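# I would like the atomic coordinates for the input below:
(chains A and B)
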Amino acid sequence: MLGRSANGIFWMMRNLERAENTARLLDAGFRLALTRGQSAAREEWRSVLVTIGQDVEFARHNLDYTGPSVTNFILRDRDNPGSVLAMFESARSNARTVRTAITREVWEATNESWMVLRELLSRPVRAGNLGEVLAAIRRQSTLVRGAMDGTMLRNEIFNFARIGTFIERADNTARILDVKYHLLLPSVGWVGSTLDNAQWETVLRSVAGERAYRWLNAGSMDARGIAEFLILDGRFPRSLTFCYEKLRSNMASLAREYGQETPAHELLRDAGSRMHHTNTAQIFEYGLHETIVTVIAGIKAIAEAIAADYRFTV
Amino acid sequence: MASDSSAVYDEMHDAAGSVHLAYSEYHDWLGTQQPGWLRQQSDEAERFFRRTGITFNVYGDSDGEERLIPFDVVPRIVTAAEWRKLERGITQRVRALNAFIHDIYHRQEIVRAGRLPEHLISQNDAFLPQMVGFEPPGGIYTHIVGVDLVRTGPDEFLVLEDNARTPSGVSYMLENRETMMAMFPELFTRIAVRPVSDYPRRLARSLAACAPDVASDRPVVAVLTPGIYNSAYYEHAFLADQMGAELVEGSDLRVVDGRIAMRTTRGYEPIDVLYRRVDDEFLDPLTFNPASVLGVPGIMDIYRAGRITIANAPGTGIADDKAIYSYMPEIIEFYTGEKPLLGNVQTWRCSEADALAYVLDNLKELVVKEVHGSGGYGMLIGPTSSKAELAAFAKKLRARPEQYIAQPTLALSTVPILTKAGLAPRHVDLRPFVLVSPSGIDITPGGLTRVALKQGSLVVNSSQGGGTKDSWVLED
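Just a heads-up that it's a prediction; the model follows:
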C-alpha cells in the first residue's frame, strides 16, 4: 500500500479516537462542574482544556472559563483547529484520501458521521442538549470502528488503522490520568476527601470505566486503585496495558506481512516490557506523573518511528 | 438558450402523444406508479448520493462546498438497433482519432495532402513537440474517450465533442445505475437493460493491455489524481477502487531505476500503466509547467524511453480543439476511407473571413465557443444573451477570431424529467465511454446522459447546473 495511504488511515483513526475521547472528557467535566460552585467550576473547565491540550489555544481567544464557552470552543468553534467538528472533518478528509484503502461501508460511516455532526454542531450547544451531542459523537465514532471491524480485510491497512486508534487512545488515557493527579491535586491534604473522590469518579467516567472499576473494586475509590486500573488492567479496553497489547499484535502482523521488524517494533517491545514488569508500588515510588510523562514520550516516539519505518510521508 | 418546442424531438412521446418504442415498457410501468411515490424515491436517491459522497467541487465557488449533481429518476432509453448504429459510428470515429493523432506526431500526411491547415497544428498549444516521432506503447493515444452525442431527430445523432483527452463522468454512469436498481428494482426485472457495471473491469483490462514491454504478466496500474480538491476526485477514487488499482498523487511518485515508482510502505514499487487524471501541462514540471506540484519530475523521459504507459497519451488534447473538430469529417475520410457514420454539428471557423462575417451577422442565433474551452465556460449563447452581451462578445470575436468557432443553436432532443408538477420534457445529451487498446475498441452500452434542468435550457453541463439520468440500452 502507499505510504501516504498508511499515513491517511492512521490519522483518520487517530482523529476519530481523539474526537471521541474529547467528548468523553467534556462529559465528565460537565458533570463535575455541575455539582460545584462557580469558581471551582472554572478550575474544572480549565483542567478539561489542559487535558485535551487546548488550554493555550483557548487562552488566546479571550473566552470565559464557563461551561457554554468551553464546550462550544471544544466542540464547534470555527477558529479552533482542534475542535471535535474539525477532527471529524479531518477524519473524513483522511478517509477521502484513502478512499481506495477502505471499504465502502467504512467510507459511508465516516461520511455520514461528518454529516450528522456538522448538522448537530451547526448551532451553539446548550447545556440541555449537550448530552445528546456528546452521545452522538461517541456513537458516530463507534459506528466507524464497527464498520471497520465488520468489513475490512485483516491486512496491513487494517493494522495501520488499529495502530492509529490505540496510539491515540493510550496517549489520551495517559493524559487524563496525569492531569487529574498532577494538576488537580492542590495539596496532599485533599487526598481521600469527597472532592477527591468526585474527581476520580470523573476520570473514570471520562474513560467510560466507572462501572467496570466499581464492579472490580467494590466501590473503593483511591488513586492507587484507579491508576492500577487505567495503567495495568489488561481487561479494560482503554487501559495502557490493553492499548500496548493491541499495538503489539498489530505491529506483529505487520512484521509477519513484511517479513521483517523495524526500529518501531524494538521501541514498542521495550515500552511493553517495562509496562509488563512494573506494578502499582513501583509506579508510585517512581512517581505517577513521572511514569506518565515517560509513557507519553514513549508513545510519541513509537508513532514517529512507525511513520518513518513505513514511509508515511517521505 | 431557449428552443423552439415545435421542432424538438422528444424521445418518449411523438408529436401526436403516442409513446416511442424505446419507452413503451417503461411508460406502461410509469402509468402504474403513484407520483408521490416517485418523488419520495427521488428524494431517497438524493440522500443516497450524499451518504455515498458522490460530490463534485465547482471551480470558482467561494465556499468550496462539495455539491451533488442532481439526479433525475426517469431513465434515458435507447433501443438495441439505435445503439448498434451509434456503436459503429463511434468505433469509426475513435479509430480515426487515433490514426489522426499518430499522424500529427509523425509524418503529418493529412497536412501534406492539403486536407488540414498546417497552422492548426503548429500554432496549437495542445500540440506537444515532445511527442513528435514517439511511438506510445501499444500505439494507442486515446485509451479512454467520452464522445458527446446530441440527438436532433429519430435518426439523427451528431457528435458535439470528442473528449479524447480526459473524459470524466463515468462514475456517474455507474452510480446512476446502482441508484436506479436500488430505487426501482422491479423495473429491471420487467425490462431487459444491458448492464454497465463491468466497466471498471473492462477499463482495468484495457489499460493492462497497453502496458509497456518492461511490465510483468500482471501489469501494475495506478490512477493519478490531483487530489481531494479536484472537482472529479470522487471519480478518481471510485475508479481506482473498482479496478483494484492504487490511487496516487504526484507526491507519491518519483523516478527510481529508470521507472516511475510509487512510495509504498515497503519502499518504491514501479508502475506500468498510469491512468492520469492530471492535465498535460501539470504532468512533468521538468518538461511542462515548472511550478506544477501535481505531476512527476522526469516522467516524460521515462515515458519516451518506453518504460511506462500514460493514458491518455500526452498531446492527445489536440483532438479536442474545436477548430480541429470542424475538420473531423475530413479526418475520418482521410484515415478510414469511409464516409462518417455520425455527423458533426455544422461549425463556422471564425478564423476564416467569410465565416466570421456570417457569425457576426447572425450572432443572436448562434452558439460561440472558445476553440480550447471546455465545460461550458466562456461560451456565448446567442438567443439568450442581451444586446450588451452580444456587443461585448462581437468585440472579442473581432479582436481574436481564430480563438472561436460558432455553431447553430441545435434543437436537442428532450426526455421527461420528474418535476414537482409531474413529468416535463428537458433537453439531453449522451456521453458513451469508449476504451481503446491493441485488443480493440470497447464501448460500454449506455453512458452518461446529462440533462438541462431548466425548462427550455440547452446547457447540460454539471458546472452550469445540469443534472444526470441513468442511460439504458435495451437488450435485443
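# For B:A357, grab the count of nearby residues.
Neighbourhood size, B:A357 [other CB atoms under 10 Å in any protein chain shown]: 12. The way it works is simple: take the backbone N, C-alpha and C, and place the C-beta from them, glycine included.
# Which helix or strand contains it?
In the assignment (DSSP states H and E), B:A357 maps to helix B:353-361.
# Next: B:F157.
According to DSSP H and E, B:F157 maps onto strand B:156-161.
# In this structure B:L187 contacts B:Y26, no?
Yes: between B:L187 and B:Y26 there is a contact under CB atoms under 8 Å: 7.3 Å.
# Contacts only, for residue 295.
Picking chain A for this. A:170, A:174, A:240, A:271, A:275 (CB atoms under 8 Å, 6 or more residues apart in numbering or on different chains).
# You answered for a different chain; I wanted chain B.
Residues near B:G295 by CB under 8 Å, 6+ apart: B:250, B:278, B:282-285, B:288.
# Inside strands: which ones of the contacts of A:V295?
Among these, no member falls in strands (DSSP state E).
# Make JSON lines from the residues you listed and add neighbour count to it.
Converted to JSON lines, the contacts of A:V295 look like this (neighbours: other CB atoms under 10 Å in any protein chain shown):
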{"residue": "A:A170", "neighbour count": "27"}
{"residue": "A:A174", "neighbour count": "22"}
{"residue": "A:L240", "neighbour count": "27"}
{"residue": "A:A271", "neighbour count": "22"}
{"residue": "A:M275", "neighbour count": "21"}
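# What distance do you get for A:S93 to A:E285?
Applying CB to CB, to the nearest Å, the value for A:S93 to A:E285 is 45 Å.
# neighbour count winner among those two?
Neighbours of A:S93 and A:E285, each counted by other CB under 10 Å, are more numerous for A:S93; the result is 17 against 11.
# Distance of that one relative to chain B?
Using CB to the nearest CB, to the nearest Å, A:S93 is found at 7 Å from chain B.
# Please apply the same query to A:S249.
A:S249 is 18 Å from chain B, where distance means CB to the nearest CB.
# picking that back up, in its sheet, which strands sit next to the strand holding B:F157, and in what direction?
strand B:148-153 (antiparallel), strand B:343-344 (parallel) (DSSP bridges).
# Give the buried residues for the longest one.
Going back to what we said before, that points to strand B:148-153. B:148-152 (16 or more other CB atoms under 10 Å in any protein chain shown).
# Columns distance to B:Q41 and pLDDT on top of those residues, output as TSV?
Converted to TSV, the buried residues of strand B:148-153 look like this (distance: CB to CB, whole Å; pLDDT from 0 to 100):
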residue	distance to B:Q41	pLDDT
B:D148	29	96
B:L149	28	97
B:V150	28	96
B:R151	27	96
B:T152	31	94
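# about what we covered before: how far off centre is the helix holding B:A357?
Averaging C-alpha positions (CA atoms, centre = their mean, to the nearest Å) puts helix B:353-361 29 Å from its chain's average.
# pLDDT (mean, whole number) over that helix?
Mean per-residue pLDDT for helix B:353-361: 95.
# For that helix, enumerate the helices and strands it packs against.
strand B:348-349, helix B:387-399, strand B:404-408 (3 or more CB pairs under 8 Å, 6 or more residues apart in numbering or on different chains; DSSP states H and E).
# and chain B, which of its residues are near chain A?
With CB under 8 Å from any CB of the partner chain as the criterion, chain B meets chain A at residues B:50-53, B:227-228, B:233, B:237-238, B:240-241, B:245-249, B:251-252, B:262-267.
# Can you flag which of those residues belong to strands?
If you go by DSSP E, the residues of chain B next to chain A have B:246-248, B:262-264, B:267 in strands.
# if I pick the residue in the stretch 201-350 of chain B positioned nearest to chain A, what's in contact with it?
In the stretch 201-350 of chain B, no residue comes nearer to chain A than B:A237, which is 3.8 Å away by CB to the nearest CB. B:A237 makes contacts with A:96, A:99-100, B:225, B:247, as judged by CB under 8 Å, 6+ apart.
# rewinding a little: got a PyMOL select line for the buried ones in the ones in strands among the residues of chain B next to chain A?
To isolate the buried ones among these in PyMOL, judged by 16+ other CB under 10 Å, type:
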select buried, chain B and resi 246+247+248+262+263+264
